[in-house]
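Undergrad: missing the sequence, but the structure's below:
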């Protein structure tokens, strides 16, 4: 009667798990179905105890409940070893399934009398005391894994699932220990007595955690908690091969089929090696994709979207880098500050869309005049561009600046608002040839701005230069603002 009552109680656990599975999606759906499978094995185990009390049933029938109770934890083990987001490849499911099959086979080998013959070929009775300890170990592993996964869960749905399992496994471990170690082996309570009604308490706790909704307070995780959670999620897959190795050790210590533990251990290690190798391959592939994505994002963040040349963000980093390199090597460094003449009038006359086309054409023409790989052009802001020329003295700076000015003039880009009728540029060149500890890259930029100021005040469409040597100081920035 007690076994029937227990079977009905665990049938409610099956129904609740199936209901949750129908509402879940992805990996969580499979996990709830695994919980339902575990409760189904519980029911089969209690019914097998009831079957063993029927007249005429021998030890073969009465011992099968131990195998069923051993199997009831395997679906939960499989579910807790699955990833939280369900993004694992399908190959992992086959590998985990193969390891789970090994665990099932080893449990049968260890507990089922049909696989444990003595030298006379007689099936000895099941060693209940040893089976009890095997189930104790299994219960403890499941409890530890469920508690760890609850601690490491990131999503609310997975936390709800792990919480329900914890509320089932914690009382089940305590009650199982009491019933087996105290009630049965010390008090000689027969299986199926009224004491076994206590076994309903775990499934009642599970039902309460499943039916009633409890809100979790989401707090910001510390870096230590994040690292520990990630380690638990990644390390959960180790429990399947560890279970295989523990069962192999138990079979080897019992002296049953010495070849079986060796073969199963090798298979478990081989399967785990395949899983780890494939996971490492996917990790390296993901790392490569992340690096490529980072490079693309870095290029986008350092590129002016209109003209396609470098932007101000890139210029600030590049100027400091080139300045330090030139200072270490005592090499000259040149900046060209280029401004499109009468560009405000261009926008007022032809509109900003035409102004964008003009900026793009000027940027491409200036970039085509850079002869060396180390030279670079930057859109500094508005209609201004900056050219960085490493290892270029004042003579080379004037040559490059004049070539760029003439190239823009030869474009003959129409400009109705300019006196010449075409787009022209004014260029301010500044070169730092000698260095002292007090010199900064900002002084070089100010000197180029000063030279541009002179070029625009001198009639535009011309080049002016400024050379800084050791001890020279650039004029204040307020005196280096070009006229519009």
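TA: Everything's here; your move. Predicted model only: the values in this text are computed from it and were never measured. Numbering: from 1, shown residues only.
Undergrad: what's the weakest-modelled helix or strand in this protein?
TA: Least confident helix or strand, the chain: helix 59-62 with a mean of 47, by mean pLDDT, DSSP states H and E.
Undergrad: and the next element down the chain from it?
TA: Sequence-wise, the next helix or strand downstream of helix 59-62 (DSSP states H and E) is helix 64-71.
Undergrad: just the helices in the stretch 1-150 of the chain please.
TA: 2-23, 27-52, 59-62, 64-71, 74-81, 90-111, 128-152 (DSSP state H, counting those that start in this stretch).
Undergrad: got it, and the stretch 251-400 of the chain?
TA: 259-301, 312-329, 343-350, 352-368, 394-411.
Undergrad: make JSON lines out of the ones you listed and add mean neighbour count and distance to residue 161.
TA: From N, CA and C alone the C-beta is placed, and that goes for glycine too. As requested, those are exported to JSON lines (neighbours: other CB atoms under 10 Å; distance: least, CB to CB, whole Å):
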{"stretch": "helix 259-301", "mean neighbour count": "13", "distance to residue 161": "23"}
{"stretch": "helix 312-329", "mean neighbour count": "16", "distance to residue 161": "46"}
{"stretch": "helix 343-350", "mean neighbour count": "17", "distance to residue 161": "62"}
{"stretch": "helix 352-368", "mean neighbour count": "16", "distance to residue 161": "55"}
{"stretch": "helix 394-411", "mean neighbour count": "18", "distance to residue 161": "67"}
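Undergrad: need those helices in CSV (columns: distance to residue 201).
TA: CSV is the format used below for these (distance: least, CB to CB, whole Å):
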stretch, distance to residue 201
helix 259-301, 35
helix 312-329, 63
helix 343-350, 80
helix 352-368, 74
helix 394-411, 85
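Undergrad: which stretch among these comes nearest residue 77?
TA: With CB to CB as the criterion, residue 77 lies closest to helix 259-301 of the helices of the stretch 251-400 of the chain, at 13.7 Å.
Undergrad: which other helices and strands contact the closest one?
TA: helix 90-111, helix 239-254 (3 or more CB pairs under 8 Å, 6 or more residues apart in numbering; DSSP states H and E).
Undergrad: and of the helices of the stretch 251-400 of the chain, who's closest to residue 26?
TA: Judging the helices of the stretch 251-400 of the chain by CB to CB, what sits closest to residue 26 is helix 259-301, at 18.4 Å.
Undergrad: where does residue 461 land in three-state SS?
TA: What DSSP: H, G, I helix; E, B strand; the rest coil gives for residue 461 is coil.
Undergrad: not counting sequence-adjacent ones, nearest residue to it?
TA: Leaving aside its sequence neighbours, residue 461 sits nearest to residue 424 (CB to CB, 6 or more residues apart in numbering; 3.9 Å).
Undergrad: separation between that neighbour and residue 68?
TA: Distance, residue 424 to residue 68, by CB to CB, to the nearest Å: 91 Å.
Undergrad: and these two? which has more neighbours close in?
TA: residue 424 (22 against 19; other CB atoms under 10 Å).
Undergrad: state the pLDDT value of the more buried one.
TA: Note for residue 424: predicted pLDDT of 95.
Undergrad: settle this for me: the residue nearest to residue 461 is touching residue 408, isn't it.
TA: Yes - using CB atoms under 8 Å, residue 424 is in contact with residue 408, at 6.2 Å.
Undergrad: just to revisit the earlier point, nearest to residue 450, of the helices of the stretch 251-400 of the chain?
TA: helix 394-411 (14.3 Å).
Undergrad: what strands flank the following helix or strand past that closest one, and is each parallel or antiparallel?
TA: Using DSSP H and E, the helix or strand that directly follows helix 394-411 along the chain is strand 425-432. Within its sheet, strand 425-432 is paired with strand 333-340 (antiparallel), strand 463-468 (parallel), according to DSSP bridges.
Undergrad: who touches the shortest one?
TA: Outside strand 463-468, the residues within contact range by CB atoms under 8 Å, 6 or more residues apart in numbering are 394, 397-398, 401-402, 405, 426-434, 439, 443-444, 447-448, 450-452, 454-455, 458, 474.
Undergrad: for residue 301, list the residues it contacts.
TA: So residue 301 contacts residue 313 (CB under 8 Å, 6+ apart).
Undergrad: what's the closest non-adjacent residue to residue 64?
TA: In space, residue 64 is closest to residue 48, 5.0 Å off (CB to CB, 6+ apart).
Undergrad: and that neighbour, how close does it get to residue 305?
TA: In terms of CB to CB, residue 48 sits 72 Å off from residue 305.
Undergrad: quick one: which of those two has more around it?
TA: residue 48 (20 against 8).
Undergrad: separation between that one and residue 75?
TA: From residue 48 to residue 75 the distance is 18 Å (CB to CB).
Undergrad: repeat that for residue 187.
TA: 32 Å.
Undergrad: for these two, indicate the residue with more neighbours.
TA: residue 75 (21 against 10).
Undergrad: so the more buried one makes contact with residue 30?
TA: No - shown here, residue 75 and residue 30 do not form a contact pair, counting by CB under 8 Å, at 9.9 Å.
Undergrad: count of neighbours near residue 377?
TA: 24.
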